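S.K.: give me a model of this one.
(2 chains)
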Amino acid sequence: MKKHRTRTSGSFLLRHLLLLTFLVITAYPLLWMVLAAFRLEGDAQMRPLALPTPWTWQNFAQVCRNGSFGDAYLNSLMLCSGSVLLSIALAAPAAFAFAQCRFRGRHALFMLFLLGMMIPVHVTLIPLNRLLGSGALNLKGSLWALVGPYVGFALPITMLILRGAFAALPRDLLDAGRIDGCSTWGIFRHIAMPIARPALATVVIFNFLTMWNEFAFALTLLGPGQTTIPLALSQFKGEHDVQITLVSAALSLVVVPLLIVYVFAQKHIIRGLTAGAVKE
Amino acid sequence: MAQVRLEHVGKVYPGNVRAVNDFNLTINDGEFMVMVGPSGCGKSTTLRMVAGLEEISEGTVTIGDRVVNDVLPKDRDIAMVFQNYALYPDKTVYENMAFCLKKRNFMPPANNDDAGFLGSLTSWWKNRQIKRAEIDRRVREAADILGINELLNRRPKALSGGQRQRVAVGRCIVRNPAVFLFDEPLSNLDAKMRVQMRTEISRLHNRLETTMIYVTHDQTEAMTMGDRIVVMKDGLIQQVATPADLYDSPKNIFVAGFIGTPPMNFFDARIAKVDGKLQIKEESFALDVPAAWQAKLEPYIDKKVVFGLRPEHVGSPSAEGIEHAPTIPAVVEVIEPMGSETYLYMKTGATGFIARVDPHRSCEVGDQLNLAVIMANGHVFDVDTTASII
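M.R.: Residues are numbered from 1 along each chain as shown, chains lettered A, B, ... in the order given. Got it, this is the predicted structure:
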């Protein structure tokens, strides 16, 4: 018994030591970034591992005074929120149809959607430039130019996750909806969507994060007057040096919306990612 | 309330798989009809065709005066309780019960005396308020009937199995449908709760007097709840009868073996004529045939038959009390004392059978007994057709 307890406490210690190590590896860069945001530039270079002396808000003030960063923040918020909503609005009904409706070519069509995940973003830059350029859609240079690519690239993963969630809905539940007076749309709207909340939370976070960090499309499709967060961050980097404290302050501000979205939706994320994986 | 009529109904799945074949049944207004049979016999498919959840391949289904083959489930005036409750997990009990009423116009619109946009708006608002009040009244009334008032604000995950099933029934009651459909509603409950819910559903039927169709694979549920029972096998109706008739006069070997716990004993026997009298002869016993059976068994002389005997008709106090009762010699293999009765698992020759005997009868495993038989309650079946002869 005693031996067993020793072994148990030994494995407990080892397990927690490992977890602690992972925690430090994961959290330290984030902590370092936040601390650097409160340092003076010289302090960051002289004593990068110590606590800031003195603590200062001046980096945040400087970032906020930079007009283009504020604009970029607002642009990214609008663009990402809009694109996330649009991608869900388009993908959810399609995912429900793929999961619950029987029609010819269903599987082939779904596979076609999934092919989108295999296309590298950079391959599409030149065609999109031409498609959105002055000769064609004439959207290049405005924020609207990014909506299409963002939504388009978000659709496959959104469909994949939501289809899994919708396919896992018990048949009796859908039948109950039909008897209760719902049409197929009604079942989707009143029964499937509320139950698929975990999956929806997952795609919201995943897509928001991807769009929030997106750089290639923003760099090539936006005009000189327009900017998003990743582009604005690059302004703090000079040709020969990087203002670490300013970049850290900007990055600290950038992660705030992501943290807010994550805090509100985190309890659903794991359930969403594994939706349909096992029979409950 | 309504009569439900199924005429030559069939269900064929892709690949020519026949789930239900030429199903003919009339369920009377206010009747509690139970469909029973083993898994895969087509009972749930038949129920789902009545509900409109499965397309009807052949025949017609009529509810009331209306053929409903092409009518949507929501317009059939039915309500259904599912095996796994099918409660909406994101909605409270109240919302679950009110949902079907919200989705339909179940009340005539109030008079719209005021003309114009404002008048329409007022009338719409009035209708909305009246509908809301009516929904509330119906939900609370159903909750009263089922004793789930205190659960109305809970979500399904906070309910026990029995409570969930009550909510599922409540969801049906609020609609005041013409027909209630139950698809194995008690299968997911533990034994005690099953007995309780069985009584509650029977009580509910007595109170509402609505037509109810109840599907189960549990013959005890069928026997205790149904006004009439449909026994099904391989997509075919085997017999439709009251529980008592089904038990006393099964039409074939399948029904005889399916209904009753423990099941009926079957002996491979043949009919023999000895000294001008007919006998049922088995390897290890010969039983004189009652006079009333003689005429029916004459054609089977020297032919094989199956002799059926329920456990309570062999070795029971009532059988042992009969003077000069014929007996079956057998060896006790297992004794199952149930308290109010004792089941003896016996062996006569190579055939095993069960006898329900007096709980105070003293015997031990390995004892050789001669168990009295009540011949008048025996059954004889044709070997080829499996149909009942007696």
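S.K.: low-scoring stretches of the stretch 51-200 of chain B, by residue?
M.R.: The stretch 51-200 of chain B contains residues with pLDDT under 70 at B:107-115.
S.K.: tell me the residues of it that contact chain A?
M.R.: With C-beta under 8 Å from any C-beta of the partner chain as the criterion, the stretch 51-200 of chain B meets chain A at residues B:51-53, B:72-74, B:78-80, B:82-91, B:99-100, B:103-104, B:171. All C-beta atoms are positioned from the backbone trio N, CA, C, and that covers glycine.
S.K.: switch the cut-off to 6 Å
M.R.: Proximity of the stretch 51-200 of chain B to chain A, by C-beta under 6 Å from any C-beta of the partner chain, involves residues B:Leu53, B:Pro73, B:Lys74, B:Met80, B:Phe82, B:Asn84, B:Ala86, B:Asp90, B:Phe99, B:Cys100, B:Lys103, B:Arg104.
S.K.: switch those residues over to a markdown table; also include neighbour count and distance to B:His8.
M.R.: Converted to a markdown table, those look like this (neighbours: other C-beta atoms under 10 Å in any protein chain shown; distance: C-beta to C-beta, whole Å):
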| residue | neighbour count | distance to B:His8 |
| --- | --- | --- |
| B:Leu53 | 21 | 20 |
| B:Pro73 | 21 | 22 |
| B:Lys74 | 19 | 26 |
| B:Met80 | 30 | 23 |
| B:Phe82 | 22 | 27 |
| B:Asn84 | 18 | 32 |
| B:Ala86 | 25 | 30 |
| B:Asp90 | 17 | 42 |
| B:Phe99 | 22 | 36 |
| B:Cys100 | 23 | 31 |
| B:Lys103 | 16 | 33 |
| B:Arg104 | 13 | 31 |
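S.K.: ok, for whatever residue of the stretch 101-250 of chain B ends up closest to chain A, nearest residue in space, not its chain neighbours?
M.R.: Distance from chain A to each residue of the stretch 101-250 of chain B (C-beta to the nearest C-beta) is smallest for B:Lys103, at 3.5 Å. In this structure, B:Lys103 finds its nearest non-sequential neighbour in A:Gly181, 3.5 Å apart by C-beta to C-beta, 6 or more residues apart in numbering or on different chains.
S.K.: run a quick neighbour tally on the one you found.
M.R.: Around A:Gly181 there are 21 other residues, counting by other C-beta atoms under 10 Å in any protein chain shown.
S.K.: for chain B, what's its nearest residue on the stretch 1-150 of chain A.
M.R.: Closest point on the stretch 1-150 of chain A to chain B, by C-beta to the nearest C-beta, is A:Arg102, at 10.6 Å.
S.K.: you'd agree that residue is in a helix?
M.R.: No - with DSSP: H, G, I helix; E, B strand; the rest coil as the criterion, A:Arg102 is located in coil rather than a helix.
S.K.: just give me the neighbour total for it.
M.R.: Neighbours of A:Arg102 (other C-beta under 10 Å): 6.
S.K.: same thing with B:Met223?
M.R.: Neighbour tally, B:Met223, other C-beta under 10 Å: 19.
S.K.: got it, and A:Ser142?
M.R.: For A:Ser142, using other C-beta under 10 Å, the count is 15.
S.K.: state the pLDDT value of it.
M.R.: Per-residue confidence (pLDDT) for A:Ser142: 88.
S.K.: quick one: it from B:Tyr88, how far?
M.R.: Using C-beta to C-beta, to the nearest Å, A:Ser142 is found at 43 Å from B:Tyr88.
S.K.: still on that earlier bit, and the residues of the stretch 51-200 of chain B next to chain A, which two are the farthest apart?
M.R.: B:Asn84 and B:Arg104 (24.0 Å; C-beta to C-beta).
S.K.: find the nearest non-adjacent residue to A:Tyr262, please.
M.R.: Per C-beta to C-beta, 6+ apart, closest to A:Tyr262 is A:Ile205, 6.1 Å.
S.K.: thought the one you found was touching A:Phe264?
M.R.: No - assessed by C-beta atoms under 6 Å, A:Ile205 is found out of contact with A:Phe264, at 9.3 Å.
S.K.: for the residue of the stretch 101-250 of chain B closest to chain A, phi and psi?
M.R.: phi -80, psi 0 (degrees, to the nearest 10).
S.K.: just confirm the residue nearest to A:Tyr262 is within a helix.
M.R.: Yes - the assignment for A:Ile205 (three-state DSSP) places it in a helix.
S.K.: neighbours around it, how many?
M.R.: 20.
S.K.: repeat for A:Leu253
M.R.: 16.
S.K.: can I take it that it is in a helix?
M.R.: Yes - checked against three-state DSSP, A:Leu253 lies within a helix.
S.K.: please, where are all the strands along chain A?
M.R.: Ranges of strands within chain A: none, based on DSSP state E.
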